[in-house]
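# here is my input, please return the structure:
(4 chains)
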There are 2 protein chains.
Amino acid sequence: MAPKSKDASTEERIKEAARTVFTQKGYSATRTRDIAEEAGINLALLNYYFRSKEKLFELVMAEKIRELFGVITPIINDSKTSLEEKVALIVEAYITMLSQNPGLPLFVLSEIRNNPEHFANNLQVGKLLTESYFVKQLLEKRPDVFPLHYIVNILSMSIFPFIVKPVLESTGVINAKQLNAFTEERKTLIVKWFKAMIDS
Amino acid sequence: MAPKSKDASTEERIKEAARTVFTQKGYSATRTRDIAEEAGINLALLNYYFRSKEKLFELVMAEKIRELFGVITPIINDSKTSLEEKVALIVEAYITMLSQNPGLPLFVLSEIRNNPEHFANNLQVGKLLTESYFVKQLLEKRPDVFPLHYIVNILSMSIFPFIVKPVLESTGVINAKQLNAFTEERKTLIVKWFKAMIDS
DNA sequence: GTCTATAACCTGATAGAC
DNA sequence: GTCTATCAGGTTATAGAC
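Predicted coordinates:
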């Protein structure tokens, strides 16, 4: 990702720290001093490299949006895979990715809520949800059901456990390790459930 | 809710404004000036009635947590309703309530993420997810599946559309009115899907 | 109870030495 | 490139007049 020298350059250290802190606390609750401390550098260096808190945030945010929505993009418009194959691929991709980055959905969704207009340019995501090959296949199978229902179901069943992770953990229902096993198990279950759903 | 005089007292006006602004922007992004303006009162009155921003927030937050989790409490431990009846009641209750308060889940979940330890006392919620009558019924029907899977499915399919509402709207996939019809339609669909799931 | 004015503090950003 | 010191602006909270 960094075509720089050998190890983590100062610039990359700051960016990485920003990823961590922003994702954990959100834009407003994050102080530039938090990022500087996390990166182990001086506060002034943040502005030297990135000009402002907002500029650094936008960099991280754009990256996180690509991470979150980029997962389905290549899968959903593939004309060579079947409906069920797509579902299996989407579920596998999301759960694997979110296991490494559990805070991602809550972060992105919160920030979009706080600043919807700033995100409005990304209407390419909308097209995927209304005009993709996946939608066409859903309609062929079930012309009587609005396809967004199934898309929401697949995404919700895959992503929701990570969104409520803080609740599950702080209430002692499940710990981080158990949650990992739990979501791993869901990879096959959701595909099975989807089949049952779409045939019902 | 307010056993006060006739109309909205100043105290209640401030609390109501706090509900609105905190829910919309979260704790950190909210300035006490925003609340004062929304309430149409002077900034100093906020501190006169509630001492501090944090104190006011805790009041609102406790209320919102009760709103969000209180929905299932009476349903989930009722020994007189069947499994499927419970599912129908949960879905109905959540979708109806969230249609009136769409920002609630994202708000509560974000704030819990930002401050998990502060929320740790609410482990009563955990008991509902692991020891309720509902869990017992799920286990009777499907002893081979970890019951939390089904609970997550029902909650996710009901709540997730409201969590991604800002995305659906800002990408032009669906507008507020359409989302309402969409979630309304899901009330019966989710129950149907649940039956298919648990029998598969 | 409600307001104005201001204190006390915090945060983002920069100047300037090294 | 990196640091220390500090400024400028904004935010919470309070003092004190009415």
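# now do the contacts for the residue positioned nearest the centre of chain A.
Computing the C-alpha centroid of chain A and ranking residues by C-alpha atoms, centre = their mean puts A:Leu68 first, at 2.9 Å. Taking C-beta atoms under 8 Å, 6 or more residues apart in numbering or on different chains as the criterion, A:Leu68 is in contact with A:104-105, A:108. Placement of C-beta: from N, CA and C, glycine included.
# immediately after the helix or strand hosting it, which helix or strand?
Using DSSP states H and E, the secondary-structure element containing A:Leu68 is helix A:53-70. The first helix or strand that comes after helix A:53-70 along the chain, using DSSP H and E, is helix A:73-76.
# neighbours of A:Glu11, just the number please.
Other residues near A:Glu11 come to 15 when the count uses other C-beta atoms under 10 Å in any protein chain shown.
# from A:Phe57, how far off is it?
For A:Glu11, the distance to A:Phe57 (C-beta to C-beta, to the nearest Å) stands at 15 Å.
# again, but for A:Thr73
A:Thr73 is 23 Å from A:Phe57, where distance means C-beta to C-beta.
# next one: A:Ser158
When distance is defined by C-beta to C-beta, A:Ser158 is 27 Å away from A:Phe57.
# does stretch A:112-124 reach chain B?
Yes - counting by C-beta under 8 Å from any C-beta of the partner chain, chain B is contacted by stretch A:112-124 at A:112-114, A:116-117, A:119-120, A:122-123.
# tell me the buried residues in the helix ranked longest in chain A?
Ranked by residue count, the top helix of chain A under DSSP state H comes out as helix A:176-198. Residues of helix A:176-198 classed as buried by neighbour count (16 or more other C-beta atoms under 10 Å in any protein chain shown): A:179, A:182-183, A:186-187, A:189-191, A:193-198.
# from those, pick the one nearest DNA strand C.
When the buried residues of helix A:176-198 are ranked by distance to DNA strand C (C-beta to the nearest atom of the strand), A:Leu179 comes first, at 31.1 Å.
# what's the helix or strand for A:Lys86?
A:Lys86 is located in helix A:83-100, with elements delineated by DSSP H and E.
# other residues contacting that helix?
Where contact means C-beta under 8 Å, 6+ apart, the residues beyond helix A:83-100 that reach it are A:67, A:71-72, A:75-76, A:78, A:81, A:104-105, A:134, A:137-138, A:141, A:154-155, A:157-159, A:162, A:180, A:183-184, A:186-187, A:190-191, A:194-195, A:198.
# got the angle between that helix and helix A:53-70?
Helix A:83-100 runs at 150 degrees relative to helix A:53-70, counting by axes from the mean of the first three to the mean of the last three C-alpha atoms, to 10 degrees.
# what about A:Asn121, neighbour count?
Number of residues near A:Asn121 (other C-beta under 10 Å) recorded here: 9.
# out of the helices and strands in chain A, which is least certain?
In chain A, no helix or strand scores lower on mean pLDDT, DSSP states H and E than helix A:116-119, which sits at a mean of 83.
# beyond that one, next helix or strand please.
helix A:124-131.
# quick one on the thing from earlier: who has more neighbours out of A:Thr73 and A:Phe57?
Set side by side, A:Thr73 and A:Phe57 show more neighbours around A:Phe57, with 18 against 14, by other C-beta under 10 Å.
# quickly find the element holding the nearest residue to the more buried one once chain neighbours are set aside.
Taking C-beta to C-beta, 6 or more residues apart in numbering or on different chains, and ignoring the residues beside it in sequence, A:Phe57 has A:Tyr27 as its nearest neighbour in space, at 5.5 Å. Take DSSP H and E as the rule and A:Tyr27 turns out to sit in helix A:10-29.
# flag every buried residue along that helix.
Residues of helix A:10-29 classed as buried under the neighbour-count rule (16+ other C-beta under 10 Å) are A:12-29.
# go on, stretch A:159-177?
Going through stretch A:159-177 with 16+ other C-beta under 10 Å, the ones that come out buried are A:159-171, A:173-174.
# can you check stretch A:108-127 too?
When neighbours are counted by 16+ other C-beta under 10 Å, the buried residues of stretch A:108-127 are found to be A:108-115, A:119, A:122, A:125-126.
# what does it contact?
By C-beta under 8 Å, 6+ apart, the surrounding residues in contact with stretch A:108-127 are A:26-28, A:61, A:64-65, A:68-69, A:163, B:24-26, B:29, B:103, B:106, B:110, B:163-164, B:166-167, B:169-173.
# do stretch A:164-177 as well
By C-beta under 8 Å, 6+ apart, the surrounding residues in contact with stretch A:164-177 are A:102, A:106, A:161, A:179, A:182, B:109, B:112-113, B:116-117, B:119-120, B:122-123, B:125-126, B:129-130, B:148, B:152, B:155.
# which ones are touching A:Ile190?
With contact set as C-beta under 8 Å, 6+ apart, A:Ile190 has these partners: A:87, A:91, A:154, A:157-158.
# name the nearest of those relative to A:Arg33.
When the contacts of A:Ile190 are compared for distance to A:Arg33 (C-beta to C-beta), A:Ser158 comes out closest, at 36.0 Å.
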